[in-house]
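[1] sequence-free structure coming up:
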């Protein structure tokens, strides 16, 4: 659905008196309500070859890193392919209080966030990484109406916007559309999170009675 399609649908429910700019605000609020609830598969992004030169600790928003990732929201997997090393996540405060006192040297083995910026410790000696992450969603504008949500589920954005529109008017129909929104949300979850129905048979060998299930 394009923004115009969403505007039209909102008008069908009686909100033809709202300006397009007002509808856009409600649609964006609904969109962010949805995409910030879970690390959705449609937010996943892979950089198979991330080149980090020596002497660097900041990975994101660093023009010296190629390609320069600017939209990393959360890391799913971070691997130093140059040194065959799986990077270990850590909290920034732990790195500050523990790691920096050890004067570690060698290739970075730990990553952490300071604010929204992805960092490594210790500083890079120069290597190539494989980064799988979830993207930071951006608001739709009149010139860019790209929603990361798959098009078949765009109606949930409209339902969420209608809830907010009815609430502004103290209309009791807000509760009706809230129920529609939650039902549609669950439908979207079932569709997007379960895409591997193929299951292999596994045989687990137990050698100790403590491993048995009763």
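    Arrived safely. It should be emphasised that the depicted structure is a prediction, and the values quoted were computed from it without experimental measurement. Numbers count the residues shown, from 1 in each chain.
[2] quick one: residues contacting the residue positioned nearest the centre of the chain.
    Closest residue to the average C-alpha location of the chain: residue 134 at 3.7 Å, with CA atoms, centre = their mean. Contact partners of residue 134, counting by CB atoms under 8 Å, 6 or more residues apart in numbering, are 39, 40, 43, 44, 45, 72, 73, 74, 76. C-betas here are computed from N, CA, C, even on glycine.
[3] hey, what's it bridged with?
    residue 44, residue 74 (DSSP bridges).
[4] what does residue 112 give?
    With DSSP bridges as the rule, residue 112 is bridged to residue 119.
[5] any stretches of this protein with poor pLDDT?
    Filtered on pLDDT under 70, the chain yields the residue ranges 102-104, 196, 199-202, 204-214.
[6] strands of that one, residue ranges please.
    Applying DSSP state E to the chain gives strands spanning 44-52, 72-80, 85-86, 88-89, 110-114, 117-121, 127-135.
[7] which among the ones you listed is found nearest to residue 32?
    strand 72-80 (12.1 Å; CB to CB).
[8] which elements pack onto the closest one?
    strand 85-86, strand 127-135 (3 or more CB pairs under 8 Å, 6 or more residues apart in numbering; DSSP states H and E).
[9] buried residues in that strand?
    Across strand 72-80, burial judged by 16 or more other CB atoms under 10 Å covers 72, 75, 78, 79, 80.
[10] now the angle between strand 117-121 and it, please.
    Angle of strand 72-80 versus strand 117-121, following axes from the mean of the first three to the mean of the last three CA atoms, to 10 degrees, is 30 degrees.
[11] quick one: strand 72-80 to chain centroid distance?
    Strand 72-80 sits 11 Å away from the centroid of its parent chain (CA atoms, centre = their mean, to the nearest Å).
[12] okay, angle between it and strand 44-52 too, please.
    50 degrees.
[13] which residues touch residue 153?
    Counted by CB under 8 Å, 6+ apart, residue 153 has contacts 184, 188, 191, 192.
[14] could you redo the last one with a cut-off of 7 Å?
    residue 188 (CB atoms under 7 Å, 6 or more residues apart in numbering).
[15] now swap in the one 10 residues further on and tell me
    Residue 163 is in contact with 174, 177, 178, 181, counting by CB under 7 Å, 6+ apart.
[16] which of the buried residues of strand 72-80 sits closest to residue 157?
    residue 72 (23.7 Å).
[17] please report how far the closest one lies from residue 54.
    21 Å (CB to CB, to the nearest Å).
[18] that older thread, of the contacts of residue 163, just the buried ones, ChimeraX syntax please.
    Restricted to buried positions by 16+ other CB under 10 Å, the ChimeraX selection for these reads:
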select :174,177,178,181
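[19] need the contacts of residue 163 in JSON lines (columns: distance to residue 87).
    Converted to JSON lines, the contacts of residue 163 look like this (distance: CB to CB, whole Å):
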{"residue": "174", "distance to residue 87": "45"}
{"residue": "177", "distance to residue 87": "44"}
{"residue": "178", "distance to residue 87": "41"}
{"residue": "181", "distance to residue 87": "38"}
